[in-house]
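*Asks:* just the structure for this:
(chains A and B)
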Amino acid sequence: MKDERIDAIFNPKSVALIGASNKEGKMGYVFAKNIIDGYRGKVYMVNPSEQQVFGLTCYPNVKSIPDSIDLAVIVIPAKAVPKVMEELAEKGTKAAVVITAGFSEAGPEGKKLEEEMMVAANKGKIKVVGPNCFGIYNCNIGLNASLGVGTPPRGGDISFVTQSGAYGMAIFACALDHHMKFAKIMAHGNKAGIEDYEILRYLGEDDETKVICLFLESVNKGREFFEEAKKITPKKPIVATKTGRTAGAARAAASHTAALAGSFTAYEAAFKQSGIIFARNGMDLINIAKGLDWQPLPRGPRVGIVTNSGGTGVELADLCEEAGLVVPELSAETQEKIKELIPPYASARNPVDMTPVWPKFVELYSKIIEILYECDEIDIIVPIILQRAAMMPEVCQAVADTVNKCLAWGYKKPTYVCWVSVRSALGNMDILQKNRVPCFDWPERTARAVGAIYGYVEFLKRRAISFEGR
Amino acid sequence: MTGEAANLIKMARDEGRNFMLEHEAKAVLRSYGISVTQDMFCRTPDEAVHAARRIGYPVAMKIVSPQIVHKTEFGGVRLNIANDEDVKSAFDEMFSSARKRLGDFDFRGVLVSEMVRGHEMIIGSTRDAQFGQMIMFGIGGINVEVFRDVSYRLVPIEEIDALEMISELKGKKLIEGYRGSERVDTNIVVSTLLAVSRLLCDFDEIEEMDLNPVFGNAKGVKVADARIFLTHV
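*Replies:* Prediction:
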């Protein structure tokens, strides 16, 4: 059973914006605009000093709204929040997202305000996100109740929960740039009224969420979080990054969100044991999630590298092996098939180095990738698209088409592209990623992401958990 | 949960202690089927000689006092004692060396133990504010002290977790046997870790535990020294 009150955060029938404003640059303006831009449910603006906001009636207070409210979004000053929370409780509001800062993260006075706010919320059983947070999205219904700009595309199935507002949203924005599509986003800030394990449970049961991403500074109720994660990872992957791993950074985290950062040892143990994929940083988080979302899970650790540059191929091979993957020499039979295509001075051993024969790139990338799909000795395909190849849109299109053709034939083999090129070629990277062929920048990030994805597969395999069809 | 472990923990509590004496800690472990060195608690030098003969030379001797947690610092540990004379003099010396430091102290006696050979390992537990009790495993000696080559899991652990804990250690080759060195029976390491995990789950009042060293060889695993700290009440 889905938690109804958490569901009200993401799927509200009505939204009230407390602190709505017509003044550009004000928080209440940004939220008003974001909410009405994509959301098709009922919206109620609340502000005693406005008559209308964005053409909608503006109510002086919560009480005067002639309807029940599923979700209240609060952007008024901290001091006024406890009182409004009481009114919302009386009205039977299901959930509230408190954007306002100046609570427990700001010292003893703020802490008192946060407690008062939570007493009121708990009286009315209001599920509170925040305070001191960036907001939430449900991309699939066009709901943007956040400080982020724009309405993200629909049809995504990655959900992302972040404790850090601005960094989390930057990660999200970069991910959108990479054509990744999301289902639900939550920045939960101080986490005064919502526990990590509750959100995890909700997303675990959410059919629209296929990959769960977490950006954590700390975890409250670690035990419950761990138990919940253990139930979810056999069905869908959880990728998490955790900041505050060292003593110095832990101090910074404590003053930042008033959270008590536990020792990383315990997180590490909990992650390993429950099968949570550990991301080293925000970029790693995006890359791993992208690989998991767009490609099938690898059946084994054997990587086949196809490159137009021997040097990058060798560097990537080293890094793959260091990441726990294997780069085996191809069988004589497979090498024969490849040798028929490539110049006599090129190498078919693995990495398959076609050398810089750029007039033949389209043909070579396509055919070699297809051979690697068809052979039984490779589980993962990593084409390196380096410089000259990256500057050729037809090469990127050919790689995307080949990968999707082979996947459509039913091969359960992922392809991840190692992308090494200049800024002006980024448009060609889009060709691949719009076709759900993930690109990772440079060999290091590629090996890291692929190694982490395979680590998850190993976790499933060791526990004899079937991942057929995934 | 074993009644014996519960009784021993209660006994320490009743005495107002938040740590267990070595022979108590070892009795707790034994009641969970964890193999510990053969020990005899002795109150006099003569008893110690008798014990050493029964156990068989060489033996180890360790002081027993509720006022002494870290025995080595008080000159309270002697290893490889080979004959009756040395047992007697070690008994007296350990007593007087502690006496010099502590004045009149609660001296209970000494523990006479068998000397075991094998690879040194360490099994421990600690508690995290968010995640609760964790179990730790490491290859002992320099690997723990210098390289911090240890692995942690939350309790309870399952067999697969215990296997992963071992395989995570950089020094795993040391116990898996290399260049003809004796290998440790990893099945027994696994069952020991599982037993320790059960103990930790049964007694949430265990704040911290330190089984160090634990000696392992092809025949088995034996805990040579054990410290158990209880939560403050």
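*Asks:* what's the weakest-modelled helix or strand in the chain?
*Replies:* Going with chain A. Within chain A, confidence by mean pLDDT, DSSP states H and E is lowest for helix A:247-257 among all helices and strands, at a mean of 45.
*Asks:* nope, chain B
*Replies:* Ranking every helix and strand in chain B by mean pLDDT, DSSP H and E puts helix B:142-145 at the bottom, with a mean of 74.
*Asks:* any bit of the following helix or strand past it sitting next to chain A?
*Replies:* As assigned by DSSP states H and E, the chain's next helix or strand after helix B:142-145 is strand B:150-154. Yes. Using Cβ under 8 Å from any Cβ of the partner chain, strand B:150-154 reaches chain A at B:152, B:153, B:154. (C-beta placed from N, C-alpha, C; glycine too.)
*Asks:* from those, which single one is nearest residue A:1?
*Replies:* Nearest to residue A:1 among those is residue B:154, at 26.8 Å by Cβ to Cβ.
*Asks:* what about that closest one, how many residues nearby?
*Replies:* Applying other Cβ atoms under 10 Å in any protein chain shown, we find 24 residues neighbouring residue B:154.
*Asks:* wait, what's in contact with it?
*Replies:* By Cβ atoms under 8 Å, 6 or more residues apart in numbering or on different chains, the residues touching residue B:154 are A:223, A:226, A:266, A:269, A:270, A:273, B:131, B:132, B:133, B:134, B:135.
*Asks:* ok, residue B:85 next?
*Replies:* Neighbours of residue B:85 in contact, by Cβ under 8 Å, 6+ apart: none.
*Asks:* where's the residue of chain B most remote from its centre relative to chain A, distance?
*Replies:* Relative to the mean C-alpha coordinate of chain B, counting by Cα atoms, centre = their mean, the farthest residue is residue B:179 (28.8 Å). Here the criterion is Cβ to the nearest Cβ, to the nearest Å. By it, residue B:179 lies 24 Å from chain A.
*Asks:* tell me the pLDDT at that residue?
*Replies:* With respect to pLDDT, residue B:179 scores 77.
*Asks:* what of residue A:258?
*Replies:* 26.
*Asks:* try the one 3 residues further on
*Replies:* Residue A:261 carries a pLDDT value of 33.
*Asks:* equivalent analysis for the one 10 residues further on, please.
*Replies:* Note on residue A:271: pLDDT of 97.
*Asks:* just the strands in the stretch 151-300 of chain A please.
*Replies:* For the stretch 151-300 of chain A, the strands defined by DSSP state E, counting those that start in this stretch cover A:158-162, A:182-187, A:211-216, A:238-242, A:277-279.
*Asks:* with chain B instead?
*Replies:* Applying DSSP state E to chain B gives strands spanning B:19-20, B:39-42, B:59-64, B:77-81, B:109-114, B:119-128, B:132-139, B:150-154, B:206-216, B:221-223, B:226-230.
*Asks:* please list all residues in contact with residue A:322.
*Replies:* With contact taken as Cβ under 8 Å, 6+ apart, residue A:322 is in contact with residue A:447.
*Asks:* is it true that residue B:229 touches residue B:19?
*Replies:* Yes. Residue B:229 is within contact range of residue B:19, at 4.9 Å (criterion: Cβ atoms under 8 Å).
*Asks:* those two: which is more packed in?
*Replies:* residue B:229 (20 against 16).
*Asks:* beta partners of that one?
*Replies:* Going by DSSP bridges, residue B:229 is paired in beta bridges with residue B:19, residue B:208.
*Asks:* per-residue pLDDT, it?
*Replies:* So, for residue B:229, pLDDT stands at 91.
*Asks:* can you check residue A:265 too?
*Replies:* On pLDDT, residue A:265 comes in at 87.
*Asks:* swap in residue B:154?
*Replies:* Residue B:154 is given a pLDDT of 96.
*Asks:* can you name the residues bridging to it?
*Replies:* Going by DSSP bridges, residue B:154 forms beta bridges with residue B:134.
*Asks:* distance of it from residue B:206?
*Replies:* Applying Cβ to Cβ, to the nearest Å, the value for residue B:154 to residue B:206 is 14 Å.
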